[in-house]
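S.K.: Give the three-dimensional model of this entry:
(chains A and B)
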Number of protein chains: 2
Amino acid sequence: MSDHHSPAAGSLAGIRVIDLTRVISGPFCTQILGDHGAEVIKVESPGRGDVVRAQGNMVNGFSWYFAQFNRNKRSMTLDLRHEAGKAVLHRLLEEADVLVENFRPGVLAKMGLDDETLRAQYPRLVVGRINGFGSTGPYRDRPAYDFIAQAMSGFMGVNGPADGEPMRAAPPISDMVASQNLAFGICAALVRRERSGQGDIVETALTNGLIGMMGYLAAEFFATDRVPARTGNDHPMLYPYGLFRASDGEVAIAPSNDAMVERLLKALGMLYLLDDERFADNTRRMANREALRECLTEVTETRSVDAWIDHLNRAGVPCGRVHDLRETFADPQVQAQQMRIELDQGELGRIPVTGFPVKMQEAPAAVHHPVPRLGEHTREVLAELGLDDGELRALEAQGVI
Amino acid sequence: MSDHHSPAAGSLAGIRVIDLTRVISGPFCTQILGDHGAEVIKVESPGRGDVVRAQGNMVNGFSWYFAQFNRNKRSMTLDLRHEAGKAVLHRLLEEADVLVENFRPGVLAKMGLDDETLRAQYPRLVVGRINGFGSTGPYRDRPAYDFIAQAMSGFMGVNGPADGEPMRAAPPISDMVASQNLAFGICAALVRRERSGQGDIVETALTNGLIGMMGYLAAEFFATDRVPARTGNDHPMLYPYGLFRASDGEVAIAPSNDAMVERLLKALGMLYLLDDERFADNTRRMANREALRECLTEVTETRSVDAWIDHLNRAGVPCGRVHDLRETFADPQVQAQQMRIELDQGELGRIPVTGFPVKMQEAPAAVHHPVPRLGEHTREVLAELGLDDGELRALEAQGVI
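M.R.: Next comes the predicted model:
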């Protein structure tokens, strides 16, 4: 076993999370909480469970897509439309610190768990929710999906080649940014609860998360009242920056300020370019981007990508290779950082997934549980709640679990 | 004043953060903490301060780019290379809950604050750090920059048009994802500290954060040993999905499962397409993507974008318009969600910035402080630490503050 299968308690040890979410945004959030030690109980509908269990790349009937978002959880089945199922959910909430859901706005209320009820019955509970557009406003009831959030947030509008159409990011980035926002928000609310005793209702939306990432592009629009242009792999405010042709491929080079540009030109043996009035400062370099690109390429294409990466890094210039995912996971730095780990899935063997981006020295993230089978822990969780065998059999007979 | 200028305490009220960061990744992280009530003291070098103060779109000498990442902080100047400056930093840390830094690995240690010293002298302190590649491994000392992290993480490799080059995301997404990861990690460590009394050292890296976002694309690679293809605005696993031509522009449509595809076809009056063997299930629709796109476009191009958005949303099909940033911030939903807010910058007027993506009902995020001038709060902060006028004057005379 590698050392990421650590028995050490994570930062969120002792925090119990009831997870009603499915698909991506919610499960990724609760996985982050689980990675850091929270006890996550994934509540799934009997029969099929989370739809992602049957999606993406399946190997021996097991979805590796599902595996990316559902380690460090136990799974129980529960029919939340059934009165007996709702009663069990209340039992779960009595023992819980956090409830997470990503239903459309209003769905949880229809199950009897409107905000007022949650606050009144579970004043210490932190409720986390993700939806498409927010639970207030004219679009609150619209169906949502990552691609639509990428389109409506303005994110696609700034992305893509200068001469091409608006372009989505390949990962479902609105989902995953929302997951991160909610994981943060839940923990911030837990910090407050430790001090005040009071829970909170925390919400984020796919669109809002991406709007919050607009940073200097939003600043450009606000300051100039002009919509930022799409610039592909060029930076809108800096040059040189981008992909440069080497003898056997392309090298990404990104000096972030004048001092680094000087280091780059020195390393290329082209310091004299700073005496060329076309390239004397960043503003003029931006205006004469194509001319400077030609000058630089005359030199960069004389040596290999590896040679430049070695040489420029020594010179203190940020640079690197554009990796495909095979190269990324084979990279010695990525391996040193354990960004590919393996889950022991028993009969299914050891299954690779991405590792932990947040490293802690005292209470590190770890694999506490592999990916659960649907309902694998139903009886275990209900027994912990104090339900006896008769009650369990009755719930089974009714199809509630 | 609008209601986001709330005097209410946020979730992190009472948490004091010493912020040594600059540029984007660190300042965005500490701004998130400040938005939610933490007291953030931004420590800047005397004279110039954070380089972003002089970058991006400047209006009346004030950087709107800087404003995007530095509300809800106080600013003090301090020369950390000076012995007297280091002594002041120790005074600050004695009263602090969190220290955040985004120096290259080893720089803080050179200032005398190596991990052992931090743990020994400040056992309750949560130390948060962001760097390029992680503080261990062969690339730990390489200079880093967002573009390089996008390239080396595999993120660019999956992004972009199917027939084009690997493409960066327009926002500095590796910085901003790292900011979110660190904000989460700091809060998780604070939850543990409330319970155990022990601090922690929390780290994230630009590359690691993006690798953590590879989700189902990583799963595809792990499961098939094939590198995922770039697919532009098409989804690698679903069709229909993407931009469709309407009479006056394009409409983004993304039904996420078979039931929604049926709703879409019904809403288009084309339910008969499901009887066409080329389109009977998702696998066959993927194989006959171009043929189906042509069929659908024959209908979508007969009506306007607005008409389709109204009609398809009523039918329960996720859809929307590709907004540029002007359209995004003019959108009634974005306004209802207050994703554009204004900072009262005194003589500079009211300056718009993006709003809070994480909404809390009991302890909402708020503007507690506008963007500080360089060193605006130096004397205030030092006086709170108990330094008297003579000590302040001596520090000034030495150029330490």
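
S.K.: which stretch of helix or strand covers A:V43?
M.R.: Remark: A:V43 resides in strand A:39-44, with elements defined by DSSP states H and E.

S.K.: and the next element down the chain from that strand?
M.R.: Moving toward the C-terminus from strand A:39-44, the next helix or strand (DSSP H and E) is strand A:58-59.

S.K.: who does that next one pair up with?
M.R.: strand A:62-63 (antiparallel) (DSSP bridges).

S.K.: And the strand it pairs with, how far out from the chain middle?
M.R.: Between the centre of strand A:62-63 and the centre of its chain there are 20 Å (C-alpha atoms, centre = their mean, to the nearest Å).

S.K.: Show me the contact partners of the helix or strand following that strand.
M.R.: Reading on from strand A:62-63 to the C-terminus, the next helix or strand found by DSSP H and E is helix A:64-67. Contacts to helix A:64-67, defined as C-beta atoms under 8 Å, 6 or more residues apart in numbering or on different chains, come from residues A:50, A:52-53, A:55-58, A:343, A:345, A:351, A:353, A:371, B:215-216, B:219-220, B:222-223. Yep, even glycine has a C-beta here, placed from its N, CA and C like the rest.

S.K.: same question for helix A:64-67, mean pLDDT?
M.R.: Averaged across helix A:64-67, the pLDDT comes to 98.

S.K.: can you check stretch A:386-394 too?
M.R.: The average pLDDT within stretch A:386-394 is 96.

S.K.: Tell me which residues of that stretch come out buried.
M.R.: A:L387 (16 or more other C-beta atoms under 10 Å in any protein chain shown).

S.K.: Alpha carbons of that stretch, as CSV, please.
M.R.: Output in CSV follows, covering the C-alpha atoms of stretch A:386-394 (Å, rounded to 0.1, in the frame of the first residue of the first chain):
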residue,chain,number,x,y,z
GLY,A,386,-30.1,2.2,15.9
LEU,A,387,-32.5,0.6,13.5
ASP,A,388,-32.9,-3.1,14.3
ASP,A,389,-33.2,-6.0,12.0
GLY,A,390,-37.0,-5.9,11.9
GLU,A,391,-37.0,-2.3,10.9
LEU,A,392,-34.4,-2.9,8.2
ARG,A,393,-36.5,-5.8,6.8
ALA,A,394,-39.6,-3.7,6.8
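
S.K.: From start to finish, how long is stretch A:65-82 in a straight line?
M.R.: Counting by C-alpha to C-alpha, to the nearest Å, you get 30 Å between the two ends of stretch A:65-82.

S.K.: by contact count, what packs against the lengthiest helix in chain A?
M.R.: Using DSSP state H, we find that the single longest helix of chain A is helix A:173-196. When contacts are defined as 3 or more C-beta pairs under 8 Å, 6 or more residues apart in numbering or on different chains; DSSP states H and E, helix A:173-196 sits against helix A:25-35, strand A:98-101, strand A:126-131, helix A:146-152, strand A:200-205, helix A:206-211, helix B:173-196, strand B:359-360.

S.K.: Serialize the ones you listed to CSV and add fields for mean neighbour count and distance to A:G316.
M.R.: Formatted as CSV, those follow (neighbours: other C-beta atoms under 10 Å in any protein chain shown; distance: least, C-beta to C-beta, whole Å):
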stretch, mean neighbour count, distance to A:G316
helix A:25-35, 28, 34
strand A:98-101, 25, 44
strand A:126-131, 26, 41
helix A:146-152, 29, 36
strand A:200-205, 26, 38
helix A:206-211, 29, 33
helix B:173-196, 28, 19
strand B:359-360, 22, 42
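
S.K.: wait, which of these is closest to A:V322?
M.R.: helix B:173-196 (13.7 Å; C-beta to C-beta).

S.K.: so which residue of the stretch 201-350 of chain A comes closest to chain B?
M.R.: Taking C-beta to the nearest C-beta as the measure, the point where the stretch 201-350 of chain A comes nearest chain B is A:A336, at 3.1 Å.

S.K.: which non-adjacent residue is nearest that residue?
M.R.: B:G137 (3.1 Å; C-beta to C-beta, 6 or more residues apart in numbering or on different chains).

S.K.: Now do the SS call for the one you found.
M.R.: Three-state call for B:G137 (DSSP: H, G, I helix; E, B strand; the rest coil): coil.

S.K.: related to what we said a few turns ago, direction included, what does the strand holding A:V43 pair against?
M.R.: Strand pairing for strand A:39-44, using DSSP bridges, gives strand A:16-19 (parallel), strand A:73-77 (parallel).

S.K.: Could you export the ones you listed to TSV, including columns for mean neighbour count?
M.R.: Listed next are the strands paired with strand A:39-44 as TSV, based on neighbours: other C-beta atoms under 10 Å in any protein chain shown:
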stretch	mean neighbour count
strand A:16-19	24
strand A:73-77	23
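
S.K.: Out of the helices and strands packed on helix A:173-196, which gets nearest to B:P27?
M.R.: With C-beta to C-beta as the criterion, B:P27 lies closest to helix B:173-196 of those, at 8.1 Å.

S.K.: Give me the distance between the two termini of stretch A:148-156.
M.R.: 10 Å.

S.K.: just to revisit the earlier point, average model confidence for the longest helix of chain A?
M.R.: 98.

S.K.: contacting residues for the residue in the stretch 101-250 of chain A that chain B sits nearest to?
M.R.: Closest approach between the stretch 101-250 of chain A and chain B, counting by C-beta to the nearest C-beta: A:G137, at 3.1 Å. By C-beta under 8 Å, 6+ apart, A:G137 lies in contact with B:332-333, B:336-337.

S.K.: domains for chain A, by residue range?
M.R.: Per automatic domain parsing, the structural domains of chain A span A:16-213+A:338-397, A:242-330.

S.K.: can you pull the buried residues of stretch A:86-105?
M.R.: Going by neighbour count (16+ other C-beta under 10 Å), the buried part of stretch A:86-105 is A:86, A:88-89, A:92-93, A:96-105.

S.K.: now do the same end-to-end measure for it.
M.R.: Stretch A:86-105 has an end-to-end distance of 18 Å (C-alpha to C-alpha).

S.K.: quick revisit: show me the one of the strands paired with strand A:39-44 that comes nearest B:S11.
M.R.: Nearest of those (C-beta to C-beta): strand A:16-19, 17.4 Å.

S.K.: quick one: contacts of that closest one?
M.R.: Strand A:16-19 is contacted from outside by A:26-27, A:30, A:33-34, A:38-43, A:73, A:89, A:92-93, A:95-100, using C-beta under 8 Å, 6+ apart.

S.K.: now the closest residue to A:R340 other than its chain neighbours: how far from B:A169?
M.R.: Excluding the flanking residues, the one nearest A:R340 by C-beta to C-beta, 6+ apart is A:F329, at 4.9 Å. Distance of A:F329 to B:A169, computed by C-beta to C-beta, to the nearest Å: 20 Å.

S.K.: Quick check on these two: which one has the bigger neighbour count.
M.R.: More neighbours surround B:A169 than the other of A:F329 and B:A169, with 27 against 20 (other C-beta atoms under 10 Å in any protein chain shown).
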